[in-house]
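Student: Give me the fold of what follows.
(chains A, B, C and D)
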There are 2 protein chains.
Amino acid sequence: MRALHQPKRDQIQLAAVLYALSDPTRLAVVRQLAAEGERACGTFELPTTKATLSHHFKVLRESGLTHTRSEGVYRFISLRREDLDARFPGLLTSVLKAARKA
Amino acid sequence: MRALHQPKRDQIQLAAVLYALSDPTRLAVVRQLAAEGERACGTFELPTTKATLSHHFKVLRESGLTHTRSEGVYRFISLRREDLDARFPGLLTSVLKAARKA
DNA sequence: TCGCTTGTTAGATGATCGTCGAACAATCCA
DNA sequence: TGGATTGTTCGACGATCATCTAACAAGCGA
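Tutor: Predicted structure coming up:
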């Protein structure tokens, strides 16, 4: 399997993060990660195919929002909270808070 | 000139706001509005045509980020700070802060 | 009224996006 | 080794997007 490239903390781009968060499916993924922590790709119950979901995971990972690790046949995804809080303080928190009410 | 429709405070959608902010040109407009307050459309010095800029202004307005008023032949644009802070507390502030460093 | 200025709209173009089914790759287990 | 499982990649599809030029609309001043 090809190497997963995800940006380093200082290379996370604001526009990419905002764009990634502007899609309902991806925002739902981020919200679930924020609420329940790391989880396997296959455990997200969203109304889409695994191909589409895989695409969204890629966008999230490449934007710097998520970290992905392989374990056997599974892929575990988690939010890069520390990196995001360090790079863009308050951003993720306010987005998650906004998503809760919107 | 046709009526400008802009959403009411409670109708501002998070996804639309994030999407509007994910474009470099629009983010630049928002940053300038945040820094210098209300200004006329024609005073933004950005590397694009006035037609393209007009399109971006429309996206910003319809997302709820900006307010537009007509005065004679001019259009004055301003950030809807109060509405945004009320609807999505901390969001705009953290985005602007992030944009400053990014 | 006539020109000038400001900004929007129409139409077109190339690029990108979200989505899907199908094929492929990687891992595990019997 | 051979199947089963998990997830990615490929190719294609319509839809949407950012951009441009040109034309249009609205207001102002001479």
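
Student: Looks like residue A:60 contacts residue A:31 (just checking).
Tutor: No. Between residue A:60 and residue A:31 there is no contact under CB atoms under 8 Å: 11.9 Å. Backbone N, C-alpha and C define where each C-beta goes, glycine included.

Student: more neighbours, those two?
Tutor: Neighbours were counted for residue A:60 and for residue A:31 using other CB atoms under 10 Å in any protein chain shown; residue A:60 has more, 28 against 16.

Student: and residue A:70, that one's in a helix?
Tutor: No. Counting by DSSP: H, G, I helix; E, B strand; the rest coil, residue A:70 is not found in a helix; it is strand.

Student: List the beta-bridge partners for it.
Tutor: residue A:75 (DSSP bridges).

Student: quick one: it from residue A:35, how far?
Tutor: Distance, residue A:70 to residue A:35, using CB to CB, to the nearest Å: 23 Å.

Student: again, but for residue A:85
Tutor: For residue A:85, the distance to residue A:35 equals 17 Å [CB to CB].

Student: Compare neighbour counts for these two and give me the winner.
Tutor: Taking neighbours as other CB under 10 Å, residue A:85 and residue A:35 compare with residue A:85 leading, 13 against 10.

Student: what sits against the more buried one?
Tutor: The contact partners of residue A:85, by CB atoms under 8 Å, 6 or more residues apart in numbering or on different chains, come to A:92, A:93.

Student: Helices of chain A, start to end?
Tutor: For chain A, the helices defined by DSSP state H cover A:14-21, A:24-36, A:50-63, A:81-87, A:91-101.
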